[in-house]
Each structure stands twice: as structure tokens, then as C-alpha cells.
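Asks: Structural data only, the sequence is not supplied:
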């Protein structure tokens, strides 16, 4: 049974940091590129970052590069998203995604991040 379980979300003040984790099971994690997305209320799901299966390359949404960092630990079947200098507009549900090819992709249930004073 495939599972992607996000954790690490919560309430943080503007300017603060959070590190999200996404623990994977039920598939060969090291064979999949991993990505983070987010969806704010009333908005489309938005791409944040992706990391290749071996972790050698990363790519970011232009507007978020420099504040967010994606990484992975294939020994722990986990992908991370370090988020710094958080802003109220970063408030959203954050999702991880595993992708190998068309039709072979999985989503987690999401974790809520709220940035507010």
C-alpha cells in the first residue's frame, strides 16, 4: 500500500521557519522524483520544488527560490522542505508528490502551514 505522509506543518509567525517531512512507503522511493506543492484557499495547486530520484538535481518555482530548500534521504524514504523567512502568503496546505512517469504518481494528504502573528 502506497503512502506519503506529510508532517511538520503548523502555525508560525512571519519571518519564522518550518521544516516539512514526507515519509514514503509502499513503493521504491529511490526510483521516484519527489516534489512539493501547495494549495492556498481558493487558489490552484502551485508547484514549489522538485528533486531527482538520486537527489542530484533540484528545481524551484522562481518566486520561492532562495527561501525554500528541498532535500531527500533515500535511506529514510523521506523528502524534506525547509522553509525560511515565511510570509503570510505562504499559508497553504503543503503536499508531497512522487513521480516516475505518466500514470505512476502518488500524492500525500497534505499538511497545513499557517503563517500569522
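Replies: Structure's in. What do you need? Keep in mind the model is a prediction, meaning the values are calculated, not measured. Numbers count the residues shown, from 1 in each chain.

Asks: Can you list the buried residues in the biggest strand by length in the chain?
Replies: Among the segments of the chain that qualify as a strand by DSSP state E, the longest is strand 92-101. Using 16 or more other C-beta atoms under 10 Å as the test for burial, strand 92-101 gives 92, 93, 94, 95, 96, 97, 98. (C-beta placed from N, C-alpha, C; glycine too.)

Asks: Quick check: what element follows the lowest-mean-pLDDT helix or strand in the chain along the chain?
Replies: Comparing every helix and strand of the chain by mean pLDDT, DSSP states H and E singles out strand 104-107 as the least confident one, with a mean of 94. Later in the chain than strand 104-107, the nearest helix or strand by DSSP states H and E is strand 111-115.

Asks: what's the closest non-adjacent residue to the one residue sitting closest to the centre of the chain?
Replies: The centroid of the chain falls nearest to residue 36 when counting by C-alpha atoms, centre = their mean (2.9 Å). Nearest non-adjacent residue to residue 36, counting by C-beta to C-beta, 6 or more residues apart in numbering: residue 48, 4.3 Å away.
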